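Enquirer: just to be clear, the model below is a prediction. Sequence and coordinates:
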Amino acid sequence: MPIEKEEREREAQRVSSVRTQIQERMVDLGETVDQRRSEVTAIGRSFWDDISVNADNADDIIETAASMAQQEHVLQGQKRSFQVAQDALYKLQRVVDAPYFARIDFQESGEPEREKIYIGLTSFIDPKTDEILIYDWRAPIASLFYDYPPGPATYRTPEMDVSGELLLKRQYIIKAGELQDVFDTGISIGDEMLQKMLSRSADEKMHSIVTTIQREQNQIIRDDRHKVLVVQGAAGSGKTSVALQRIAYLLYKYRTTLSADNMILFSPNSLFSDYVSHVLPELGEATMQQTTFQDYLTHKLSNTGLELEDPYDQLEFILTGTEQDSAYKSRLQSISYKTSAAFLNVIEAYGEKLKQGGIRFHNLSVGTKVLITADELNERFYGKTSILALGERMEQLSEWMLEKLDEIQADAQKRFYRKMVREPKYVGTEPEMKKMSKIKAHKAIAPLKEKARNLAYVDVLGMYRDLYTNRELHQELIAQAGQQLPGAWESISSFTAAALDQGILHYEDATPLVYLKGLVEGQLRVGTIRYCLVDEAQDYSPFHYAYLKKLFPRARFTLLGDWNQGIFTHANAASDADGEGSKNEYSSISELMKEDETETIRLVKSYRSTREIVDFASRVLPFGEPIEPFSRSGEAPRLLRAASENELRHLVADAALTRQRGGASSVAILCKTARETEAAHEGLKPLLPGLARITKETLHYEAGVMIMPAYLAKGLEFDAVILYDAGAAVYAEAKERKLFYTACTRALHYLDVCYLGELTPFLP
Ligand SMILES: Nc1ncnc2c1ncn2[C@@H]1O[C@H](COP(=O)(O)OP(=O)(O)OP(=O)(O)O)[C@@H](O)[C@H]1O
C-alpha cells in the first residue's frame, strides 16, 4: 500500500534519529569497552603485587589463599563487565545500518492510545527517557506482527494474554542507515517484501527470514507448550529456517536459564552445517552445538577399531544394488529389522539380562602376559548380587582394577630395581636406579590404567555379536517383548556376523551398538541438553528416535521433516514408496516419544521454487504430502532428450551454460549416485571447465556450476538444477521416486530435466 509523502518523510527522519542515538550509544560503549579492557589488563599485570605471599605457617598459607581468591574474584568481575559491554556494542554494530524492519500500531483494549512498536533484530532503549525505540523481534508483543492482519489481535505474555486492535502493519527496507522503501501490509506479511526476497539468487549460505516469517512458521518458532513438536513441512516450506529462528527465539526467551550448550541440532551432513552456519550469528546469537548423527556415532565408537559405514555409503549400496543379488536382499531385511522399535526392545531386554550374567570381558595384558583375566573380571562383576545399575557396577569394577594395577605397578617397580642392581649394563646411583625403575613401571602399566578408566576391557562388540550368533538368546529376548524372530532371521544373522568378523560396522548396526554400549557402561544419558532439534527428521528410524529420547531424557524435541523426501531405507520407510504411508510416520514418532504433549504441525506452502517447478515436482508424488507454491512464477521446467551418452553430456553442458548466461549464479547438476556423479564429471569436465564435484567429504561449496549426487543436495538450494539423467534406466524403481522428487525440489528458478532414451515413469 503506498504511503503519503509526508508520512514517508517522518519515517525517514525517525530512521535517521534512531540511528544517531544508536551511534552515540556505540561511542559510549566503545569507551566502556576500552576502559574495562585496560582495567582487566592492569589487574592481570599487578595480580601478584597485591597479594602478600607467605607460607611460613598454616595461618599465613590460609591468608595468602584468601587474598588470591579475592584478587581472582575482582579480575573475573571486571572480565564479565568487559564482556557485557562488548556484547552490547557488537549487537548495535550489527543493526546500526538497518535498526528495524517493521512497525505495528497496537491499541490495547481499555487503553486510550495506540502504541507504536518498531521491531528489529535487537531491542534498543533511549538511555535518557527509557523509551523503547526498538523491540526485539522475539519480544511477546512483536508476535502480533507475524500473527495478525490489521484488526482484533492478541498476544501472549508469561503472565496473561493481551488483546486489542492492530491498527497498522508496516514494513521498511533500510540500507546504510537510509530508508529505501516503506509500505503497509495487509493480510500476510508483505507479499511484496516476500516476493522481493524470494526472487533473489540462491546464496552459498542460508540467511535469516526474520523480516518475513509467516504466521504458521511463527507458531513453530514460538511454541513452548509441547514437549515434542513434529513438523511435516513440504520441500522449501522453511523447516530449516524455522529451526534456526526457533533456536534464537528460545535463547532470547530463556536467556537467564538457557545457553547454547543446552541445545543440540542434528543436521544431515557437514556441507549442510556450513550452509546454515551464518543464520544464528546473523540473528546475534552464539552458534550452538550442531552435529550430524554420524559424527556422534563416530565419537562414541572411536575406540572399537571398527570401520564405521556412513549413511551415504549405505544409501549408495541401496541405490546401486539389485533385488536379484542375495546379499542385497539380506541387507535390506537386516536394515528393516534393525531400525525397528521391535529391535530396540530386544536391546533393552538384553540390557536387563546382562545384569544377571553374560557380559563379555577382555583379558588385560601386557604383550603376551595376562595381568587380569576375563574370568577374574567376570567373577568380580557377578560374584556378589547387586541392586546397582550396570553402569555403577562397572564403575566399581574399574576402581577395583585401578587399585589392582597400582599393586602390579609397585611389584613391577621392585622387580625392575632388583634387575638393575643385578645387571652390570645399568649404571647409576641408587636413587637414580630407583627413579628409573619407577618410570619404567609407570610406563608399562599406564596404558592398562587408561583401558580400565575407559572401560576398554568390556567387550561390547562381542556381546552385540552374540545377538546374531546365539539364536536362543535372540529368541528369548524378542519373546520377552511379545514378538517373534523376523522371517528372514537366518540371512540377517549370518550376514551381520560375517560383516562384524571382517571389522565392518554397517550404519544400521551403529546405533544399536552404541545403545547397548550405553546400557552396559552406564553412560547413556546427557542431562544437560534441554532442546534437541532434528532437521531432515524423515531420515531417522524409529530406533533412532527411541534412542534419542533415552539419550536426552530432559530434552524437548523439535523434529522437522518432509516424508516426501524420505530417501533412506528404514523400518517404516520400506512400505512407503509412493508417499502414501507417511501418516504412519507421525503416529509412530508420537508413540515412540511416549509423550502426551506431542503436537504435529504441517507446513504446506513452499517458498523456494517457482509455481511451475512445484507443480512439476508434485506430479512425481501424486499421493504424497501436499505442497503448495508461493505465488511466484517463472519458466516451465524443460525436458531435454538425448539419444546417446555423448549427446547427453552436450545437452547437460549447454543447459548449464545457458542458465549461467541467464543469470543463475549457482547451477547444480544432480546425479542419482556418487558412482554416476564420478562418471558424469569425467565426461563433462572438458565441456565445462571449472565444474566442481561435490562429494560427501566436501565441507563447503561456492557459487558456480557443480555436480553431485542428489542425496547430498538435500536441504540445499540452487538457482538452477539440471538432472543429469532422468531416463527410465536410472529412475524407475519405487525406492528412487522420493530421491527424484527431492532432486527436483532443490531448484529456485530453473529446472532442466535431461534424459537418455526413455523418460522416467515417475513423470507421467
Ligand atoms: N518466511 C520466509 N520468508 C522468506 N524466505 C523464506 C521464508 N520461509 C522460507 N524461506 C526461504 O525458502 C527457502 C527454503 O527454506 P528452507 O530451506 O528452510 O526450507 P525446508 O523446508 O528446510 O526445505 P527442504 O525440506 O526442501 O530442505 C529458503 O531460501 C528460505 O530462505
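Expert: Okay, I see it. This one's a predicted model, so the numbers in the text were calculated from it and none came from an experiment. Numbering: from 1, shown residues only.
Enquirer: output the below-cut-off pLDDT ranges for this protein.
Expert: 1-2, 46-58, 187-193, 201-202, 569-596 (pLDDT under 70).
Enquirer: find the centremost residue of it, please.
Expert: Taking Cα atoms, centre = their mean as the criterion, residue 266 is the residue nearest the geometric centre of the chain, at 2.1 Å.
Enquirer: doesn't residue 531 make contact with it?
Expert: No - using Cβ atoms under 8 Å as the test, residue 266 is too far from residue 531 to be in contact (11.7 Å). Where you see a C-beta, it was placed from the backbone N, CA and C, and this is true even at glycine.
Enquirer: in what helix or strand does residue 179 lie?
Expert: If you go by DSSP states H and E, residue 179 is part of strand 178-184.
Enquirer: helices and strands around that strand, which ones?
Expert: Counting contacts by 3 or more Cβ pairs under 8 Å, 6 or more residues apart in numbering; DSSP states H and E, strand 178-184 packs against helix 5-45, strand 161-175.
Enquirer: could you dump stretch 531-547 to CSV, C-alpha only?
Expert: Coordinates of the C-alpha atoms in stretch 531-547 are reproduced here as CSV (Å, rounded to 0.1, in the frame of the first residue of the first chain):
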residue,chain,number,x,y,z
TYR,A,531,16.3,-28.8,23.5
CYS,A,532,17.0,-31.3,20.8
LEU,A,533,16.2,-30.2,17.2
VAL,A,534,16.4,-32.7,14.4
ASP,A,535,16.4,-31.4,10.8
GLU,A,536,15.5,-33.8,7.9
ALA,A,537,13.7,-35.9,10.6
GLN,A,538,12.3,-38.3,8.0
ASP,A,539,15.8,-39.8,7.7
TYR,A,540,15.8,-41.2,11.2
SER,A,541,14.4,-44.5,12.1
PRO,A,542,12.0,-45.5,14.9
PHE,A,543,15.1,-46.9,16.6
HIS,A,544,16.9,-43.6,16.3
TYR,A,545,14.0,-41.7,18.0
ALA,A,546,13.7,-44.1,20.8
TYR,A,547,17.4,-43.9,21.4
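Enquirer: hmm, back to that, just to be sure, the residue nearest to the centre of the chain is in a helix?
Expert: No - residue state for residue 266 (DSSP: H, G, I helix; E, B strand; the rest coil) corresponds to strand; a helix is not indicated.
Enquirer: mind listing what it touches?
Expert: Contacts here follow Cβ atoms under 8 Å, 6 or more residues apart in numbering; on that basis residue 266 touches 291, 292, 293, 296, 532, 533, 534, 535.
Enquirer: tell me if I'm right that residue 669 and residue 706 touch.
Expert: Yes - between residue 669 and residue 706 a contact is recorded at 7.1 Å, counting by Cβ under 8 Å.
Enquirer: more neighbours: which of the two?
Expert: residue 669 (28 against 23; other Cβ atoms under 10 Å).
Enquirer: leaving out the residues flanking it, which one is nearest to that one?
Expert: With Cβ to Cβ, 6 or more residues apart in numbering as the criterion, residue 669 has its nearest non-adjacent residue at 4.2 Å, and that residue is residue 707.
Enquirer: for that neighbour, helix, strand, or coil?
Expert: Assignment for residue 707 (three-state DSSP): strand.
Enquirer: bridging residues for it?
Expert: residue 669, residue 693 (DSSP bridges).
Enquirer: that one contacts residue 690, correct?
Expert: No - contact criterion Cβ under 8 Å: residue 707 and residue 690 do not qualify, at 11.4 Å.
Enquirer: more neighbours, these two?
Expert: Counted by other Cβ under 10 Å, residue 707 and residue 690 do not tie: residue 707 has more neighbours, with 25 against 8.
Enquirer: where's that one relative to the ligand, distance?
Expert: With distances taken as Cβ to the nearest ligand atom, to the nearest Å, residue 707 is found 19 Å from the ligand.
Enquirer: around the ligand, which positions in this structure sit nearby?
Expert: Residues of the chain lying near the ligand by Cβ under 6 Å from any ligand atom: 194, 197-198, 209, 212-214, 217, 233, 235-241, 562, 607-608, 715, 717, 745.
Enquirer: separate out the buried members of these.
Expert: Buried by 16 or more other Cβ atoms under 10 Å: 194, 198, 209, 212-214, 217, 233, 235-241, 562, 607-608, 715, 717, 745, out of the residues of the chain next to the ligand.
Enquirer: show only the entries of the residues you listed found in helices.
Expert: Residues of these located in helices (DSSP state H): 194, 198, 217, 239, 240, 241.
Enquirer: check which helix or strand residue 557 maps to.
Expert: Assigned by DSSP H and E, residue 557 belongs to strand 556-561.
Enquirer: what sits up against that strand?
Expert: Under the contact criterion Cβ under 8 Å, 6+ apart, strand 556-561 has outside partners 220, 226-233, 239-240, 242-243, 246, 530-540, 545, 548-549, 589, 593.
Enquirer: got a quick PyMOL command for the buried subset of these?
Expert: In PyMOL syntax, the buried subset of the contacts of strand 556-561 is picked out as below (16+ other Cβ under 10 Å):
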select buried, resi 220+226+228+229+230+231+232+233+239+240+242+243+246+530+531+532+533+534+535+536+537+538+539+540+545+548+549+589+593
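Enquirer: please verify my assumption that residue 444 contacts residue 366.
Expert: Yes - taking Cβ under 8 Å as the definition, residue 444 is a contact partner of residue 366 at 6.0 Å.
Enquirer: in TSV, list the contacts of residue 266 along with secondary structure and distance to residue 632.
Expert: Shown next, in TSV, are the contacts of residue 266 (DSSP: H, G, I helix; E, B strand; the rest coil; distance: Cβ to Cβ, whole Å):
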residue	secondary structure	distance to residue 632
291	strand	34
292	strand	32
293	helix	34
296	helix	38
532	strand	34
533	strand	28
534	strand	29
535	strand	24
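Enquirer: tell me the angle of the helix or strand containing residue 61 relative to helix 5-45?
Expert: Using DSSP H and E, residue 61 sits in helix 58-95. Calculated by axes from the mean of the first three to the mean of the last three Cα atoms, to 10 degrees, helix 58-95 forms an angle of 160 degrees with helix 5-45.
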